[in-house]
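Enquirer: coordinates only, sequence not included:
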């Protein structure tokens, strides 16, 4: 198990990333200084040999099904081919902030998965 905590500046905000990398899955919390926990989604990669080009299945445990966190969870799972629990807690993010968070989270998770493979 690996635990990662990063604070990344974005304009006048600090975006917090807390990740728990477990064997075969990870939990990622993203938020601001309020440290809210109001959103939680899980997505698993599709089965090998399944339809190509489809988004992985998603379940919403807390929050809205059509939230940015839900979409980000699916996209990260599709890109990394790894089960992800994602809690996205930045209220009403601007499109630029959403893109920034997605890129940073993908960078952090990719690095963590590479390190886990090498261990």
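Expert: Received, thanks. Because the structure is predicted, anything quoted here is derived from the model rather than measured.

Enquirer: state the helix or strand in which residue 5 lies.
Expert: Using DSSP states H and E, residue 5 falls within strand 2-10.

Enquirer: quick one: strands adjacent to that strand?
Expert: strand 13-22 (antiparallel) (DSSP bridges).

Enquirer: name the residues that touch the strand it pairs with?
Expert: With contact meaning C-beta atoms under 8 Å, 6 or more residues apart in numbering, strand 13-22 is reached by 1-9, 26-33, 35, 90, 97, 100-101, 104-105, 108-109, 112-113, 116. The way it works is simple: take the backbone N, C-alpha and C, and place the C-beta from them, glycine included.

Enquirer: which parts of that strand are buried?
Expert: By neighbour count with 16 or more other C-beta atoms under 10 Å, strand 13-22 contains the buried residues 15, 16, 17, 18, 19, 20, 21.

Enquirer: got it, and stretch 36-50?
Expert: 39, 40, 41, 42, 43, 46.

Enquirer: cool, and stretch 21-37?
Expert: Applying 16+ other C-beta under 10 Å to stretch 21-37 flags 21, 26, 27, 28, 29, 30, 31 as buried.

Enquirer: residues in contact with the fifth one?
Expert: For residue 29, the contact set (C-beta under 8 Å, 6+ apart) comprises 16, 17, 18, 19, 37, 87, 89.
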